[in-house]
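Asker: Have a look at this fold, sequence not included:
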C-alpha cells in the first residue's frame, strides 16, 4: 500500500459586481432552485496543491506572482468575497 499526504487549498471567487460574469450569473438558478436554495454566485475556482501550507504561501510571495498576477486579479474577482477551504488530504493506493 502506498500513501501520500499533501495540502490542498480550494478558493471560490465571487465576480466583481461590474463584470460580465456577474451579468451572466444573475439569472442562473439551476440545482439551487430545485433544492429550494439560492445559487452562490461564484465566478471561478482555484485548486492549489502543495507539500505544505508554507509552499502555497511561497506562491503568493513570489516576485512574478506579485508583478503579473496580483494586479490583474482585481479585474476579475472581489478579494473580500473569497471563500477558502484548506487542509491536508491523503491519497492511498492498494496494489
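Answerer: Now that the structure is in, tell me what you want to look at. Computed from a predicted model, the values in this text were never measured in an experiment.
Asker: Extract the residue ranges of the protein that are flagged as low pLDDT.
Answerer: Along the chain, the parts satisfying pLDDT under 70 run over 1-3, 15-41, 94-95.
Asker: and if we set it to 90?
Answerer: 1-46, 69-85, 88-95 (pLDDT under 90).
Asker: can you map out the strands along this structure?
Answerer: Ranges of strands within the chain are 2-13, 44-50, 83-93, based on DSSP state E.
Asker: how about JSON lines for those, with distance to residue 68 added?
Answerer: Every C-beta, even on glycine, is put in place using the N, C-alpha and C of the backbone. Output for those, formatted as JSON lines (distance: least, Cβ to Cβ, whole Å):
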{"stretch": "strand 2-13", "distance to residue 68": "18"}
{"stretch": "strand 44-50", "distance to residue 68": "15"}
{"stretch": "strand 83-93", "distance to residue 68": "22"}
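Asker: Same list, those, but as a markdown table with distance to residue 62 and mean neighbour count please.
Answerer: Conversion of the strands of the chain to a markdown table gives the following (distance: least, Cβ to Cβ, whole Å; neighbours: other Cβ atoms under 10 Å):
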| stretch | distance to residue 62 | mean neighbour count |
| --- | --- | --- |
| strand 2-13 | 15 | 14 |
| strand 44-50 | 13 | 12 |
| strand 83-93 | 19 | 10 |
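Asker: of those, which approaches residue 69 most closely?
Answerer: Evaluated over those, closeness to residue 69 peaks at strand 44-50, with 10.9 Å, by Cβ to Cβ.
Asker: by how many degrees do that closest one and strand 83-93 diverge?
Answerer: Here strand 44-50 runs at an angle of 50 degrees relative to strand 83-93 (axes from the mean of the first three to the mean of the last three Cα atoms, to 10 degrees).
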